[in-house]
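In: Take a look and give me a structure for this.
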Amino acid sequence: MSQFSELPIGAYLQARLAAAQFTTPTPIQEAAIPAAIEGKDLFATAQTGTGKTLAFLVPVMDRLVAEAATGVSVLILVPTRELALQVAEVHELLRGKKLPPAAVVIGGNNERAQISQLRQARVVVATPGRLEDFLDRNLISLRGVHTLVLDEADRMFDMGFLPSVRRITALLPKKRQTLCFSATLLPSVVEVVKQYMNQPQRIALGSTSKPCANVKVQAFEVNRGNKQQTLEHLLRSARGRCLVFARTKRGTERLAKSLAREGFAAARIHGDRSQSQRIEALNGFQEGRFKVLVATDVASRGIHVDDIEHVINYDLPQIAEDFIHRAGRTARAGGSGMASTLYEGYQSLELKELERALGIRIERQSLELQPAADPSLRWQSDPTGPRSSLRPLPGEFIQRAV
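Out: This next block holds a predicted model:
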């Protein structure tokens, strides 16, 4: 199948795909869509950025167009608010006039508006915690659900949502289709596949434990005195969007504000930011108003932004799977990108353990700062501070492989 027009779907969705300029399916779409249309349960693993959202929305929406039923028929569970909104955006792009908007059930958004959406929705896109809250208050019924989608299941379970998913699944009709998509193969995902799926068809594309081959991975040894300076050099060297990962919410706040003071158009996204603040940061990053986005891992899974040139791990990820997901924010849909990691000397062993866990070699690089040749040019006034304040000019960085 080389074109979406070859899919065994109805004319209406074919027209909607063409109008949205979806022409050539990715490998995961080519493998998953026909099987899902046949009604099979699917357990699909593919690297981040390969087009899994369309792989489940196309068969789901084609079935809904052909049905005369009303009420909630499809439940899509995702780990983060941002991912829920982005799935709903793709649904909106394809639905046309024959299907109502999807209902998005997430924290941080107006509850009254979400309840209003549920009155006519056929598709519900939800985070597990917020959905459980709605279920406890009898604000939603799942009795008519015939299709369950678990999107980015590995991250959802890694974030502690497995008990919620179990409770939610227990409320669904036993006779249903379940589509499970994951970027990595965690034991918790395998457990759910065994317990809640009926002889699923297995689809495995690419490595689930290594970054995409189109991502160049490298690491720079730094110390606390030059860590941010190294980051700033990497950001200035990039022409396109840069995504920077910090380990904590406080660290994300501090780093983004520090970069902004140095003249970078930087936004931040983490769990303590309001939904409107997170949406503004993502939209600004997508639209080019912000060149740099600083994020935590928890918030990162909704960052599906095109053409991210460089992913930079300002802090090492806590687990190996997070490295895969971080690197997967670049080189999406067949593109190329770069993933750099900053580490201090005492973290060398941690970096080697990360390489062993992933079975990869991260190229070591060094940056040497060459001061400006003219001593009179080594200092300049700091416009953000008192008139008398001076700061060193960065000079010129020389990058070498170690």
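
In: now Arg268, which residues is it bridged with?
Out: Beta bridges link Arg268 to Val294 when assigned by DSSP bridges.

In: List the contacts of it.
Out: Arg268 makes contact with Thr252, Glu253, Leu255, Ala256, Lys257, Ala281, Leu293, Val294, Ala295, according to C-beta atoms under 8 Å, 6 or more residues apart in numbering. From N, CA and C alone the C-beta is placed, and that goes for glycine too.

In: repeat that for 6 Å
Out: Listed by C-beta atoms under 6 Å, 6 or more residues apart in numbering, the contact set of Arg268 reads Thr252, Ala256, Val294.

In: Distance of it relative to Phe245?
Out: 11 Å (C-beta to C-beta, to the nearest Å).

In: One more: Val305?
Out: 14 Å.

In: Neighbour count: the two, which is higher?
Out: Neighbours were counted for Val305 and for Phe245 using other C-beta atoms under 10 Å; Phe245 has more, 28 against 18.

In: Do I have it right that the more buried one meets Val311?
Out: No. Using C-beta atoms under 6 Å, Phe245 is not in contact with Val311, being 7.2 Å away.

In: what touches both of the two?
Out: Overlap of the contact sets of Phe245 and Val311 (by C-beta under 6 Å, 6+ apart) consists of Arg326.

In: Show me how the record splits this protein into domains.
Out: Under the assignment automatic domain parsing, the domains of the chain span 4-205, 215-401.

In: Not counting its neighbours along the chain, what's nearest Gln218?
Out: Distances taken as C-beta to C-beta, 6 or more residues apart in numbering put Glu363 closest to Gln218, at 4.6 Å, once the chain neighbours are dropped.

In: just Ser5 next, same as before
Out: Nearest to Ser5 is Gln14, by C-beta to C-beta, 6+ apart, at 6.3 Å.

In: State the distance from the one you found to Thr24.
Out: As judged by C-beta to C-beta, Gln14 and Thr24 stand 14 Å apart.

In: higher neighbour count, these two?
Out: Gln14 (15 against 11).

In: what about that one, which helix or strand?
Out: helix 11-19 (DSSP states H and E).

In: for Val305, same thing?
Out: Short version, using DSSP H and E: Val305 is in no helix or strand.

In: Same question for the one 5 residues further on.
Out: When elements are assigned from DSSP H and E, His310 belongs to strand 308-313.

In: next helix or strand past that strand?
Out: Counting by DSSP H and E, the next helix or strand C-terminal to strand 308-313 is helix 320-327.

In: And for that next one, what's in contact with it?
Out: By C-beta under 6 Å, 6+ apart, helix 320-327 touches Thr48, Thr184, Pro211, Val215, Phe245, Asp297, Val311, Pro317, Ala339, Leu354, Ala357, Leu358.

In: now swap in stretch 330-349 and tell me
Out: So stretch 330-349 is contacted by 49, 212, 214-220, 222, 227, 234, 308, 310-314, 316, 327, 351 (C-beta under 6 Å, 6+ apart).

In: Next: stretch 162-175.
Out: With C-beta under 6 Å, 6+ apart as the test, stretch 162-175 has contacts from Pro128, Glu132, Leu142, Val145, Ser188, Tyr196.

In: Most neighbours of all the residues you listed, which one?
Out: Most surrounded of the contacts of stretch 162-175: other C-beta under 10 Å gives Pro128, at 24 neighbours.

In: Find the nearest non-adjacent residue to that residue, please.
Out: Ser164 is the one closest to Pro128 (C-beta to C-beta, 6+ apart), at 3.7 Å.

In: if I look at the one you found, how far off is Glu132?
Out: As judged by C-beta to C-beta, Ser164 and Glu132 stand 5 Å apart.

In: Gly225 - how many residues pack around it?
Out: That count, for Gly225 with other C-beta under 10 Å as the rule, works out to 7.

In: Just the element for it, please.
Out: Using DSSP H and E, Gly225 falls outside every helix and strand.

In: contacting residues around it?
Out: By C-beta under 6 Å, 6+ apart, Gly225 has no neighbours at all.

In: Kindly provide the distance from it to Arg261.
Out: 18 Å.

In: what's the answer for Gln177, then?
Out: 52 Å.

In: out of these two, which sits in the busier spot?
Out: Set Gln177 next to Arg261 and count neighbours by other C-beta under 10 Å: Gln177 wins out with 22 against 12.

In: any chance you could read off phi and psi for the nearest residue to that one once chain neighbours are set aside?
Out: Distance criterion C-beta to C-beta, 6+ apart; nearest residue to Gln177, sequence neighbours excluded, is Thr147 at 4.8 Å. For Thr147, the backbone dihedrals are phi -140, psi 130 (criterion: degrees, to the nearest 10).
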